[in-house]
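Chemist: let's see this in three dimensions:
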Amino acid sequence: MRIATKLWLGLTLTTALILGSYGYRQMRQEQADLRHSVDQEFKLLGTAIQVAVENALRDGQTADIREILDSLEFKDPATDVFVFDAQARLSASSWSSSLSLPALSGAVAEVLASREPVVRFEGPAGLSHLVAVLPLRDDNNALVGALALVRPLDDVRRDLTTTALAIFLSILTLVAGIAAVGWLLFHLYVRQPLASLVTAMRSVRGGDLQASVSVNRRDEVGEVAVEFNEMLSELAEVRRRLAQEEDSRRALNAELQRVDKLITIGQLAAGVAHEIGSPLQVLNGRARALAGRPDITPEVRRNADILVEQSDRIARIIQQLLNLARRKPPRFEEIDVRTAGRAIFELLELDARRRGVRLEFEAPEVLPRVPADGDQIQQVILNLLGNALRATPRGGRVKLSLAPSSFQAPGSSAERASVSLVVEDTGTGMTEEVLARMFEPFFTAWGDAGGTGLGLAVVKSIIAEHGGILTVDSRKDEGTRFTVHLPVRNNETKELTV
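Modeler: Prediction:
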């Protein structure tokens, strides 16, 4: 079976399974909603008739009972109403009603024995009739009979049939559309290019080194085609030289050809693996919406297990962040801020890619060493970069820059040598209200995203303990820029100013 056919079958079957499971759940939910709606409506109707009949029985007006039943017959002819005495004998009923439903007598006996109302859905799947039996009491709360209502569920069955047909046609249309588009895409982007490449390879195997593959795309398959064409050019040159060289030289060149072919095959395998991995990642993402449902199928359970695996990975990353967050008194030593920044940058690269944000790092090869606690400086960078990533929408940019600099300490006009640490983003920016309170403990603009409001407060404390300063420049809907200056020489701790 060709790889394009395998991919197409996998996509089509998985789509059909997911949509079929969703359609089945929708049908079950629709049935439950309809039954609940009918049940509530029937209970209200039964309670109203129960009160009216009890009042008529207390007043001894049996004619009023007949009038009530006739009125209901006129308004709701589909509902049959029966009035029984305390011995389960029929006292009155609506004109079109009959006692043909077997479950009615049992329900009446149960109500007379338990003195509690009974509501039942009868028939296959509980969609044939709805039976409600309510006790009738006198002024002394003594049981004097029972009121029974029976309604056929033809409308419910008809609605469910219509809904099922609509869901089936929708799923069929979606699956057919996805299958058609998938087949076309796989044919255009996988089968045809690989077929052209195989044809060219066969020509090369037959001795035609002039064969080449047309390159009209810039994806992985296009890269393979370019490499293949370049390989052919090199092979042609090797053949020209081989004709002029000794037998040993030709043997060596033949070995080089074999190595080139192995490299090309490896590149082809990498390209195919990428093509397979991309749609699987999309399908795995769809499993997140189904993982919490109890009625999932084995195929969906497999996807949910994958979700658990990824969640474990996230948990490990979070644990690393928690370890960084456990602050200790600073232990000053000469550190390379570039190394600390690079470590946090690499830690957050995966999160940035998932968010669709471009994360950049810029620093000279050599920076002045700073007397500082390396773990705490990493925590500062982690908090600032984490906030920037959360504030930056998909397609935005977050940049970490390090450079030699200088600053004026609060209350002093002298310039101090320092290393500047700049985190800037193209995110949502901050309002004046948020800027005024951003360093308050437990104040956070990310409560819905799990923020604690301690990150910037910790950053402020750490920088103050290191004798540095922090400045913030933020504009709403334009972005934010945090600049930290860490002194190269560790003098007395200064209070932070912003």
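Chemist: show the residue spans covered by the strands in this protein.
Modeler: Applying DSSP state E to the chain gives strands spanning 80-85, 90-93, 118-122, 129-137, 143-152, 333-335, 358-362, 370-372, 397-408, 415-425, 469-475, 479-487.
Chemist: tell me which helix or strand in the chain has the weakest average pLDDT.
Modeler: helix 247-286 (a mean of 45; mean pLDDT, DSSP states H and E).
Chemist: where exactly do the helices run in the stretch 101-250 of the chain?
Modeler: Using DSSP state H, counting those that start in this stretch, the helices of the stretch 101-250 of the chain run over residues 102-114, 154-186, 192-205, 220-242, 247-286.
Chemist: packing partners for the third one?
Modeler: This means helix 192-205. Under the contact criterion of 3 or more C-beta pairs under 8 Å, 6 or more residues apart in numbering; DSSP states H and E, helix 192-205 touches helix 220-242. Yep, even glycine has a C-beta here, placed from its N, CA and C like the rest.
Chemist: tell me the mean pLDDT over the helix it packs on?
Modeler: For helix 220-242, mean pLDDT rounds to 77.
Chemist: just the buried positions in it, please.
Modeler: By neighbour count on 16 or more other C-beta atoms under 10 Å, the buried set for helix 220-242 is 220-225, 227-229, 231-232, 235, 238, 242.
Chemist: need the contact list for residue 26.
Modeler: 163, 167 (C-beta atoms under 8 Å, 6 or more residues apart in numbering).
Chemist: kindly recompute the last result at 10 Å.
Modeler: 163-164, 166-167, 170-171 (C-beta atoms under 10 Å, 6 or more residues apart in numbering).
Chemist: same question, residue 172
Modeler: So residue 172 contacts 16, 19, 23 (C-beta under 10 Å, 6+ apart).
Chemist: pretty sure the second one is touching residue 170, no?
Modeler: Spelled out, that is residue 19. Yes: at 8.3 Å, residue 19 counts as touching residue 170 under the criterion of C-beta atoms under 10 Å.
Chemist: more crowded one of those two?
Modeler: residue 19 (17 against 13; other C-beta atoms under 10 Å).
Chemist: ok, that one - contacts?
Modeler: So residue 19 contacts 167, 170-172, 174-175, 178 (C-beta under 10 Å, 6+ apart).
Chemist: 8 Å instead?
Modeler: 171, 174-175.
Chemist: do residue 146 as well
Modeler: 83-84, 88, 108, 111-112, 133-136.
Chemist: those residues: which two are farthest apart?
Modeler: 88 and 134 (14.1 Å; C-beta to C-beta).
Chemist: look at the two and report which has more neighbours.
Modeler: The neighbour count for residue 88 versus residue 134, taken as other C-beta under 10 Å, is higher for residue 134 (23 against 14).
Chemist: and the more buried one, what does it touch?
Modeler: Counted by C-beta under 8 Å, 6+ apart, residue 134 has contacts 46-47, 50, 111, 117, 146-148.
Chemist: quickly note the distance from the most far-flung residue of the chain relative to its centre to residue 86.
Modeler: The centre of the chain is farthest from one residue, residue 60, which by C-alpha atoms, centre = their mean lies 65.2 Å away. Using C-beta to C-beta, to the nearest Å, residue 60 is found at 16 Å from residue 86.
Chemist: cool, and residue 111?
Modeler: 11 Å.
Chemist: okay, now the unreliable bits of the stretch 51-200 of the chain?
Modeler: The stretch 51-200 of the chain contains residues with pLDDT under 70 at 95-103, 123, 125-127.
Chemist: domain parsing for this structure?
Modeler: Domain segmentation of the chain under automatic domain parsing yields 3-158, 327-487.
Chemist: CSV for those, including distance to residue 192?
Modeler: Formatted as CSV, the domains of the chain follow (distance: least, C-beta to C-beta, whole Å):
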stretch, distance to residue 192
domain 3-158, 9
domain 327-487, 31
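Chemist: compare the strands of the chain and give me the one nearest residue 216.
Modeler: strand 358-362 (28.4 Å).
Chemist: list of residues touching that closest one?
Modeler: 341-342, 345, 348-349, 352, 385, 389, 396-402.
Chemist: can you tell me which of those is nearest residue 427?
Modeler: For these, the nearest to residue 427 is residue 396 (6.0 Å; C-beta to C-beta).
Chemist: per-residue pLDDT, that closest one?
Modeler: So residue 396 comes in at 93 (pLDDT).
Chemist: that one: neighbour count?
Modeler: For residue 396, using other C-beta under 10 Å, the count is 19.
Chemist: would you agree it is in contact with residue 352?
Modeler: No: assessed by C-beta atoms under 8 Å, residue 396 is found out of contact with residue 352, at 9.9 Å.
Chemist: any idea how far residue 466 is from residue 460?
Modeler: 11 Å.
Chemist: higher neighbour count, these two?
Modeler: residue 466 (25 against 19).
Chemist: can you list the contacts of residue 19 in TSV and add distance to residue 77 and neighbour count?
Modeler: Converted to TSV, those look like this (distance: C-beta to C-beta, whole Å; neighbours: other C-beta atoms under 10 Å):
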residue	distance to residue 77	neighbour count
171	37	19
174	41	14
175	43	18
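Chemist: wait, what's in contact with residue 295?
Modeler: 25, 28.
Chemist: list phi and psi for it.
Modeler: Backbone torsions for residue 295, taken as degrees, to the nearest 10, come to phi -100, psi 40.
Chemist: ok, residue 34 touching residue 159?
Modeler: Yes: at 6.1 Å, residue 34 counts as touching residue 159 under the criterion of C-beta under 8 Å.
Chemist: now stretch 363-377: mean pLDDT?
Modeler: 91.
Chemist: ok, and what's touching that stretch?
Modeler: By C-beta under 8 Å, 6+ apart, stretch 363-377 touches 324, 327-328, 330-338, 340-342, 401-404, 417-419, 462, 465-466, 486-490.
Chemist: mind running it again at 6 Å?
Modeler: 330-332, 334-335, 337-338, 340, 402, 404, 419, 462, 466, 486, 488, 490 (C-beta atoms under 6 Å, 6 or more residues apart in numbering).
Chemist: just how off-centre is it within its chain?
Modeler: 38 Å (C-alpha atoms, centre = their mean, to the nearest Å).
Chemist: name the residues of it that are buried.
Modeler: Quick answer for stretch 363-377 (16+ other C-beta under 10 Å): 363, 367-368, 370-377.
Chemist: with stretch 191-199 instead?
Modeler: 191, 193-194, 196-197.
Chemist: what is the nearest of these to residue 475?
Modeler: Distances from residue 475 to those, taken by C-beta to C-beta, are shortest for residue 193, at 47.3 Å.
Chemist: wait, the closest one touches residue 221, no?
Modeler: Yes: with contact defined as C-beta atoms under 6 Å, residue 193 reaches residue 221; the gap is 4.4 Å.
Chemist: joint contacts of the two?
Modeler: Joint contacts of residue 193 and residue 221 (C-beta under 6 Å, 6+ apart) do not exist.
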